[in-house]
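Visitor: Show me the folded form of this:
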Amino acid sequence: MSTKKAVIKTRNTGARATIGRTGRVRVTARTDGEIEIVTAPSEAGFNPLDLIYSSLAACLVLSARIAASRMGILDHIESVEADVSGEKAGDEPSRIARFNVILDIRGELDDETRQKLAHEAEEICTVSNTLKGDPQFTVSLAG
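Guide: This next block holds a predicted model:
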């Protein structure tokens, strides 16, 4: 009997941000996606905190779909929405002290199944796992 290992597909991840003496920040993903970052409070678009909230929201809904598939209930899911916001800490260093996540799971599911699905999504999500952990940082200068 042969054992077949699952093939895990990986994506080239990472980003490069660039800013000149004036102008906006331009962020380019390793897969060539681009986004401009805004800084003015009234300006439409993403700022760095929005990107953290967006990453968590996107990861949670994707993870919910994965969890639903694993649980055999994907056909019962109509949609999953994650609304993510946060509260900045009142002291230094500047950081997000609390993430507020509201998951809206729609479909033919009872409350217990929705709760289990939300829990499984959080367990699967790389972004939530990273934010809850203590990742190490290595900062070096180019050149």
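Visitor: got the residue ranges for the helices in this structure?
Guide: All helices of the chain, identified by DSSP state H, fall at 48-71, 111-124, 126-132.
Visitor: Can you add distance to R24, mean pLDDT and mean neighbour count and give these back as a markdown table?
Guide: For glycine as for every other residue, the C-beta is placed from the backbone atoms N, C-alpha and C. Formatted as a markdown table, those follow (distance: least, Cβ to Cβ, whole Å; pLDDT from 0 to 100; neighbours: other Cβ atoms under 10 Å):
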| stretch | distance to R24 | mean pLDDT | mean neighbour count |
| --- | --- | --- | --- |
| helix 48-71 | 12 | 97 | 18 |
| helix 111-124 | 33 | 97 | 16 |
| helix 126-132 | 24 | 96 | 15 |
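Visitor: Can I get these in CSV including distance to D83?
Guide: Output for those, formatted as CSV (distance: least, Cβ to Cβ, whole Å):
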stretch, distance to D83
helix 48-71, 7
helix 111-124, 13
helix 126-132, 14
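Visitor: do you know which of those helices lies nearest S94?
Guide: Of all these, helix 48-71 sits nearest to S94, with 10.2 Å by Cβ to Cβ.
Visitor: what residues does that closest one touch?
Guide: Contact with helix 48-71 is made by 35, 37, 46, 74, 76-77, 80-86, 96, 99, 101, 103, 105, 113, 116-118, 120-128, 131, as judged by Cβ atoms under 8 Å, 6 or more residues apart in numbering.
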